[in-house]
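Chemist: Below are the sequence and a predicted model for it; my questions follow.
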Amino acid sequence: MNSENLLLLLILLPFAGSALAALLPANARNTEAWLSGCITITAFAIVVYLYPSISAGEILRNEIEWLPGSDLNFTLRMDGFAWMFSILVTGIGFLVVLYARYYMSPEDPVPRFFSFLLAFAGAMQGIVISGNLILLAIFWELTSIFSFLLIGYWHHNTAARDGARMSLIVTGTGGLCLLAGLVLLGYITDSYDLDHVLAAGNTIREHELYVPVLVLILLGALTKSAQFPFHFWLPNAMAAPTPVSAYLHSATMVKAGVFLLTRLWPVLSGTDEWFLLLGLAGMSSLLLSAYFAIFQQDLKGLLAYSTISHLGLITTLLSFGSPLAAVAAIFHMLNHATFKASLFMAAGIIDHEAGTRDMRKLSGLFSFMPITATLAMVASAAMAGVPLLNGFLSKEMFFSETLGQHSGSVLDSVLPYAATLAGAFSVTYSIRFIHTVFFGPKPLGLPREPHEPPHWMRRPIEFLVLACLIIGIVPGITIGPYLHTAVTSVLREYTPLYSLAVWHGINTPLIMSMTALIGGALLYLMLQNYLAQSEDGPPGIRQLKGQRIFERSLVTLSWRWARWMEDTFGTQRLQPQLFLVIFIALIAGCWPFLGTDPAFNLESTTGMDPAFAVLWGIGIACALGAAYQAKYHRLAALILMGGAGLVTCITFVWFSAPDLAVTQLLVEIVTTVLILLGLRWLPKRMEQIDDATTLIARTRRLRDFVLAVSCGGGMTLIAYTIMTNAELPETIAGFFLERAYSEGGGSNVVNVILVDFRGFDTFGEITVLGIVALTVYALLRRFRPAPDSIEIPEQQRIQNDFDDRHPNRKVGETVHDYLMVPAVLMQWMFPFIILLAVYFFLRGHDLPGGGFAAGITLAIGLLLQYLASDTRWVEDRLRILPVRWIGLGLLLAALTGMGSWLFGFPFLTSHSTYLEIPLIGKIPVATALFFDLGVLLLVVGATALMLIAIAHQSIRSHRARAIESAKTQEDD
Amino acid sequence: MELILSLGIGILVGSGVWLLLRPRTYQIIIGLGLLSYAVNLFIFSVGRLVMDRPPVTQAGVRVDPAAFADPVPQALILTAIVIGFATTALFLVILLAARGLTGTDHVDGEEPDR
């Protein structure tokens, strides 16, 4: 397989795996682990396989057109730096999966865990190899969402929910800023393509929008990397399962921020703004978080703050803008990933086996778990920067970089001291981690008796610690070439000379390192007793928590202010709301005409026909009557509304719209039946009873009347102005008319537009129709009629009483015989209506008709059967499964659309031809016909489902009555 | 013709708006029905009023777009009519369910204080 497809596979594999993992049964812990393990290791193998071409300096690309017009393509791009990160994402991903298999307990719903984890890995992989800025932003947001889901995995736990929400709000907001920044960046360079942007460094730095772009992108990156002052979400995210923490803190999530900064380093760095903003954030994170880390009592809390501090170190290095500092930053990303992942896993083992992470309770675990203890010691020594371990190398590079000139300000002279101090702090918290947990007296009162974890749970840590050691001892021949590939792909022609040797002779950085080591150890000795019983958090500023500030502002914003707004401006009542909506719509509609001089053209183009005037005289009377009668005479209002509908229908006929007329007429029938069915469940309302017209009510009516008249008058004016405006501007109508027959194979242009030219719209519309029908059905399943509507309707009662009085009649006979003649007629009409529907459908492509009209016709045919006889009678003879019709229709429409893929055309491309059939003759056969058939099926299903569901309520109310009477009997 | 139709549209809108602002759910369903006629007719009229020239072309004859009514508004309205039916049904069901749950057909789910 070629490398382009392999890149695509790298993205697809984890997401496919995620979907698969979600479908496995809840207790399939081993299957899940095997699946996830296979996927991550395959991805890892792919990345390794790609190395030869990457190391040759090649940039692998795979470009799939998406919205090429907007320069938005699904571009994947892998260079050395992306390769290095892919190794981290897939490699550590695999180790995390292996670890998680043993960490997750059998009670946990593992499908959810592995599904989210794989999707998260896929999103991170996406960030790393995106070759398009917008695509990168999409994957960026995906990592925010999946990390939210992972942190909140144990959602019964409040801390998990809060931590998840906080991380989503902080990183999600940052992601939005990033998107804005990337869009601006694309605007400046005129392209969203990463290669294009990376080549335009000078244009970007000299552009007047440079500072906004920089601030927005930094907001995105710093929130993601949990840098000061956005650091507070990361310690709260430790409520996640430990494998997730290990992954978030090492290869993914927080690393995405520094990844992006490094990616854009060639084009954004080197300015004063870059140094100041990034340097300040980085230095504060480095120093403050290292200080905070010392005073944490939770193992994972200590590690979380140390992550912020180490990322601060990377950010600071990037802020310098010197190529050597960038090399150190890239190297430290790698080293931090290895030791931090192993430390989190070790912390997880301690938590798992001892039952607590509180360092005040943990002590002397070395004798219980010597191997884990040794591994953790090596990893934390790497974190502290002890020689012969990988952490030492990059920290040494950092120290030497702080010595250089950066801005020429006082910052330059402070930097080396601050760096040494931060180094000392990191030594202190590393020693604390090891000394408190593994040494000292035997632990008392632990929830569990600690012991070594299962063999395979330790394997990932062993592997990572081995990496720390090897890289630390012989860096040049192990990590050297890979690092060089990554570095050259970022820095290109600015790649500096650097050496990865352990021993550079006695120089200032070494002295700084030694000072930090000794100073840190001394500091620990001083603080040891205090820390053994102190509260969580640094002394003095324990109260000042980012988390608390965040939560306060969240409460103020989303609760207090929202409540205030609601109390002040809100109302629960519908009428004022509707009034406001319509009023604002009226104002908005009038706005454009203010100050213009409307020139009315009183010349009609269509002349005047008295018949039309009479027709609309009736229409207007119907509309006014319906408005007047809707409160007390519902049936009359319904009939009058139907009258207005018929006038509308005739208007369509009058003005050359036969298709509309047919559809309108048919819909009119079903609407009337529908509302008729509903009338039975509405309360009785008598004009005489509630006639309390107060002054307020009268004023309100007057106000509503004025609004209604203004709206009506406004619409009349607008409609009249448009209709008499003689010349129609050039529209797309010509396009459709000219091509309907030659390209769509049908002469009824409206139908061709619906099923061919704009088939995708129609597809959406029938989907909506199906959804609405299912919603109606679902709502009615829980329908409970009001108590006063349960009784048998008055008419039926009279009819039954009549049967009762006559000894030779059985009760129900009159009801049954009622409307006998029309019922027989309706039954006889059934086949003819079906024939009519078929006729409408077949001629639809060329003459008025089509799937919509045919579908409703067929539904009316079914409906008439329900009207003619009672529901049970029909359903004994005719099995209608409307839900299946809906499904079938949608499926057929979709399959017809997809059929064109087989021939290499886009979705819903249609093909048409004529077919000679004996007796019938030539009929047009377009693939659009199948699509139209789908429309037909769906319309039948949806209409029938809705009407039958409402009709069924009367059967159910029989049942409700029966239960009711049974109850009363019991009570008696 | 234009004057009559625009007057008709105006009256339909006015009646519809009036009913929308009424307190009973049934009034609203009728109001929405009238309003949807008006909106459909209005969109239709944007394509101008043309008599006896339906957008049905003849096979094999060169098409002169000026000789036909505008098919685009017609296609838009056709689906709107069907969807309008569906939403009416949905509203009717919500109306009935609300009436069943609250015991009143007032739009706020409770009778106003008198």
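Modeler: Yep, it's here. Residues are numbered from 1 along each chain as shown, chains lettered A, B, ... in the order given.
Chemist: By mean pLDDT, point me to the weakest helix or strand of chain B.
Modeler: Least confident helix or strand of chain B, by mean pLDDT, DSSP states H and E, is helix B:71-102 with a mean of 89.
Chemist: So which bits of whatever helix or strand A:P576 lives in are buried?
Modeler: Using DSSP states H and E, A:P576 falls within helix A:574-590. Using 16 or more other Cβ atoms under 10 Å in any protein chain shown as the test for burial, helix A:574-590 gives A:574-575, A:578-579, A:582, A:586. Placement of C-beta: from N, CA and C, glycine included.
Chemist: got it, and stretch A:161-178?
Modeler: In stretch A:161-178, counting by 16+ other Cβ under 10 Å, buried: A:162-171, A:174-178.
Chemist: ditto for stretch B:58-66
Modeler: B:63, B:65.
Chemist: Nearest to chain B: which residue in the stretch 251-400 of chain A?
Modeler: Proximity of the stretch 251-400 of chain A to chain B (Cβ to the nearest Cβ) peaks at A:M253, 42.8 Å away.
Chemist: Same check on the stretch 1-150 of chain A?
Modeler: Counting by Cβ to the nearest Cβ, the stretch 1-150 of chain A gets nearest chain B through A:G69, at 23.0 Å.
Chemist: got CSV for the buried residues of helix A:574-590, with pLDDT and distance to A:L858 too?
Modeler: Below are the buried residues of helix A:574-590 laid out as CSV (pLDDT from 0 to 100; distance: Cβ to Cβ, whole Å):
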residue, pLDDT, distance to A:L858
A:L574, 87, 37
A:Q575, 88, 40
A:L578, 91, 37
A:F579, 92, 41
A:I582, 93, 38
A:L586, 92, 41
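Chemist: Keep only those that also lie close to chain B.
Modeler: Restricting the buried residues of helix A:574-590 to those near chain B by Cβ under 8 Å from any Cβ of the partner chain leaves A:574-575, A:578-579, A:582.
Chemist: Going by distance to chain B, which of those wins?
Modeler: For these, the nearest to chain B is A:L574 (4.2 Å; Cβ to the nearest Cβ).
Chemist: Just give the nearest non-adjacent residue to that closest one, would you?
Modeler: B:V107 (4.2 Å; Cβ to Cβ, 6 or more residues apart in numbering or on different chains).
Chemist: Would you list the phi and psi of that neighbour?
Modeler: phi -60, psi -20 (degrees, to the nearest 10).
Chemist: excluding its backbone neighbours, what's nearest the most centrally placed residue in chain B?
Modeler: Centroid check for chain B by Cα atoms, centre = their mean gives B:S36 as the closest residue, at 1.4 Å. In space, and not counting its chain neighbours, B:S36 is closest to B:G84: 4.7 Å by Cβ to Cβ, 6+ apart.
Chemist: Any idea how many residues pack against that neighbour?
Modeler: 21 (other Cβ atoms under 10 Å in any protein chain shown).
Chemist: try A:L497
Modeler: Neighbours of A:L497 (other Cβ under 10 Å): 7.
Chemist: likewise A:G17?
Modeler: Residues near A:G17, counting by other Cβ under 10 Å: 25.
Chemist: repeat for A:G131
Modeler: Neighbourhood size, A:G131 [other Cβ under 10 Å]: 25.
Chemist: So it is in contact with A:V197, correct?
Modeler: No - with contact defined as Cβ atoms under 8 Å, A:G131 does not count as touching A:V197 (10.1 Å).
Chemist: Against which helices or strands is the helix holding A:P576 packed?
Modeler: Contacts defined by 3 or more Cβ pairs under 8 Å, 6 or more residues apart in numbering or on different chains; DSSP states H and E place helix A:574-590 against helix A:695-724, helix B:2-20.
Chemist: mind showing which ranges of chain B have poor pLDDT?
Modeler: B:59-60, B:113-114 (pLDDT under 70).
Chemist: one more time with 80
Modeler: Under the criterion pLDDT under 80, the flagged ranges of chain B are B:58-67, B:111-114.
Chemist: residues near A:R797, how many?
Modeler: For A:R797, using other Cβ under 10 Å, the count is 12.
Chemist: what about it, helix or strand, and which?
Modeler: helix A:794-805.
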